[in-house]
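Colleague: requesting a structural model of the entry that follows:
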Amino acid sequence: MKPCCRTLRTIARALAPLLAVLGLWTALPAAAAGLVDQTGRAFDEAALGGRWHLVYFGYTNCPDICPTSLFEMTAALDLLPEASRTEITPVFITLDPARDTAEVMARYVQPLGHGFVTVSGDETSVDRFAFRHRIVAVRNVHQGANYSVDHTSSVLLFGPDGREVERFPYEMDFHEVARRMAAHMAAAPARAPGG
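Modeller: You can find the predicted model right below:
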């Protein structure tokens with residue numbers, strides 16, 4: 001292959017995630033290999049199916065937005081009737097896999113309760129999975145060991161079919177998030193027992 005073709009291919013690969021976020025590229029893998037939950041089980045697109053999931057992408061070293069978002073997720077879950085609450089799995093996916101190991105993340109969410117699933121993995125897999133769900137992250141590693149990660153701070157609701165149902169912006173009050181989750185769940189077709 002000519003050097004210019006290799007260069008163009010490299011540039012195209014580098015730009016693919018950004019283009020995907022903008023809706024101009026759809027050639028990303030359907031699932032990101034290399035993601036695992038806190039128990040070591042593989043986590044991919046299929047893991048978001050079968051039940052409701054409330055998903056947040058962030059990082060444990062975040063000083064304010066991430067802990068606030070996770071707290072508000074649990075506050076919204078607390079407002080749901082118990083029967084609905086047990087149908088939703090909250091998920092925290094790191095955007096800082098260099099520092100957020102499975103052990104670190106499991107300890108971080110433990111006080112929140114609600115059976116949080118935490119997800120980490122190699123940086124490439126994390127980035128592909130995030131970009132696929134229109135989450136943008138910039139790791140400011142030039143800041144040194146205590147670097148920050150700028151990122152999209154929406155909370156995503158996925159239905160039992162594994163598709164995104166709604167995206168709740170950071171500014172939305174948890175009472176409204178709970179109201180909307182309940183409405184989506186009430187409108188969804190009833191599942192067969194054990195289904």
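
Colleague: every contact and neighbour count from this point should use C-alpha atoms.
Modeller: OK.

Colleague: quick one: low-confidence ranges for the protein?
Modeller: Under the criterion pLDDT under 70, the flagged ranges of the chain are 1-33, 190-195.

Colleague: all helices of it, in order?
Modeller: 3-21, 65-79, 82-85, 102-109, 123-132, 174-187 (DSSP state H).

Colleague: any buried residues in the last one, and which?
Modeller: Just to be clear, that refers to helix 174-187. 174-175, 177-178, 180-182, 185 (16 or more other CA atoms under 10 Å).

Colleague: of the helices of the chain, which stretch is the most buried?
Modeller: helix 123-132 (a mean of 20; mean count of other CA atoms under 10 Å).

Colleague: just give me how far that one sits from the chain centre.
Modeller: 10 Å (CA atoms, centre = their mean, to the nearest Å).

Colleague: pull that helix out as PDB, backbone CA atoms only.
Modeller: C-alpha atoms of helix 123-132 as PDB (Å, rounded to 0.1, in the frame of the first residue of the first chain):
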ATOM      1  CA  GLU A 123      -9.300   2.500  26.500                       C
ATOM      2  CA  THR A 124     -10.100   1.600  22.900                       C
ATOM      3  CA  SER A 125     -13.100  -0.500  23.800                       C
ATOM      4  CA  VAL A 126     -14.400   2.200  26.200                       C
ATOM      5  CA  ASP A 127     -14.100   4.900  23.600                       C
ATOM      6  CA  ARG A 128     -15.800   2.800  20.900                       C
ATOM      7  CA  PHE A 129     -18.700   1.900  23.200                       C
ATOM      8  CA  ALA A 130     -19.000   5.500  24.300                       C
ATOM      9  CA  PHE A 131     -18.900   7.000  20.800                       C
ATOM     10  CA  ARG A 132     -21.500   4.400  19.700                       C
END
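
Colleague: can you list the buried residues of helix 174-187 in JSON lines and add distance to W52?
Modeller: Output for the buried residues of helix 174-187, formatted as JSON lines (distance: CA to CA, whole Å):
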{"residue": "F174", "distance to W52": "17"}
{"residue": "H175", "distance to W52": "18"}
{"residue": "V177", "distance to W52": "14"}
{"residue": "A178", "distance to W52": "13"}
{"residue": "R180", "distance to W52": "13"}
{"residue": "M181", "distance to W52": "10"}
{"residue": "A182", "distance to W52": "11"}
{"residue": "M185", "distance to W52": "8"}
